[in-house]
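Trainee: Please find the sequence and the predicted model below.
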Amino acid sequence: TRCAAFISGRGSNMMALVEAAKAPDFPAEFVVVVSNDPAAGGLEWAAGQGIAAVAIDHRPYGKDREAHERAIDAVLETHGVEFICLAGYMRVLTPWLVEKWQGRMINIHPALLPDFKGLHTHQRCLEAGHDRHGATVHWVSSGVDEGDIIAQAEVPVLADDTADTLAARVLVEEHKLYPAALRAVMSNLTKL
Ligand code: GRF
């Protein structure tokens, strides 16, 4: 299955996916990495891996978010993309893109959904006093961080945690969880 990864920043989850997909039995390949931010560190890394790395800056589109996504979608079309992995893509998608890719687009969120949808999940987890935290891979649906859950990984919250130490502990799990979840999803898709 020809996959795209969407990023906005350093792209460490995208890197974990690309590395995992190098295994000969992995049921997906990454053919393009898309970022809304031309400065995203992950773009250069992807290009170095021989993967098409495309920046489509959202800023020139102003408030027309759908026009921005239609430009991205045209890139996906060019590369014959069949499936999208959102990997730290920090923009809320329009209903148009979500509907078009329904059932073919997944996301990773740094919290145990349905807890802590949205931003600043690690800080909010600490403030809530939870003793466990983690990450979730889920289908993308029209509500932000609301689609059906595919897989989760848990970590303990430690007494001396800061948002940064907690984020780092979760990130280690994200890098294992996302490739495993993608593999599972692909095995089910091919059965359809
Ligand atoms: C990750 O924690 C991801 O779950 C969240 O944003 C962070 C992105 O990190 N949505 P990276 O760009 O994958 O390194």
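Mentor: In hand now; what should we look at?
Trainee: Where does the prediction get shaky in this structure?
Mentor: Applying pLDDT under 70 to the chain picks out residues 190-192.
Trainee: Return the residues of this structure in contact with the ligand.
Mentor: 7, 9-13, 87-88, 108-110, 171, 174 (C-beta under 6 Å from any ligand atom). The way it works is simple: take the backbone N, C-alpha and C, and place the C-beta from them, glycine included.
Trainee: distance between stretch 165-176 and the chain's centre?
Mentor: 14 Å (C-alpha atoms, centre = their mean, to the nearest Å).
Trainee: Could you pick out the buried ones from the residues of the chain next to the ligand?
Mentor: 7, 9, 11, 12, 13, 87, 88, 108, 109, 110, 171, 174 (16 or more other C-beta atoms under 10 Å).
Trainee: contacting residues for the third one?
Mentor: To tie it back to what came earlier, the one meant is residue 11. Listed by C-beta atoms under 8 Å, 6 or more residues apart in numbering, the contact partners of residue 11 are 5, 33, 35, 40, 41, 42, 43, 45, 46, 87, 88.
Trainee: returning to that earlier point: between the residues of the chain next to the ligand, which sits nearest residue 160?
Mentor: Of all the residues of the chain next to the ligand, residue 160 sits closest to residue 171, with 18.1 Å by C-beta to C-beta.
Trainee: so what's the spatially closest residue to residue 36 that is not a sequence neighbour up against?
Mentor: Leaving aside its sequence neighbours, residue 36 sits nearest to residue 58 (C-beta to C-beta, 6 or more residues apart in numbering; 4.5 Å). By C-beta under 8 Å, 6+ apart, residue 58 lies in contact with 36, 65, 68, 91.
Trainee: Just give me the neighbour total for the third one.
Mentor: Residues near residue 68, counting by other C-beta atoms under 10 Å, number 21.
Trainee: Next: the first one.
Mentor: By the measure other C-beta under 10 Å, the count of residues near residue 36 is 20.
Trainee: for it, what are its contacts?
Mentor: Residues near residue 36 by C-beta under 8 Å, 6+ apart: 6, 8, 55, 56, 57, 58, 68, 89, 90, 91.
Trainee: okay, those residues in a markdown table with distance to residue 97 and secondary structure next?
Mentor: Putting the contacts of residue 36 into a markdown table (distance: C-beta to C-beta, whole Å; DSSP: H, G, I helix; E, B strand; the rest coil) gives the following:
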| residue | distance to residue 97 | secondary structure |
| --- | --- | --- |
| 6 | 10 | strand |
| 8 | 15 | coil |
| 55 | 17 | strand |
| 56 | 12 | coil |
| 57 | 17 | coil |
| 58 | 13 | coil |
| 68 | 9 | helix |
| 89 | 11 | coil |
| 90 | 15 | coil |
| 91 | 10 | coil |
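Trainee: Show the buried residues in those.
Mentor: Buried among the contacts of residue 36 by 16+ other C-beta under 10 Å: 6, 8, 56, 58, 68, 89.
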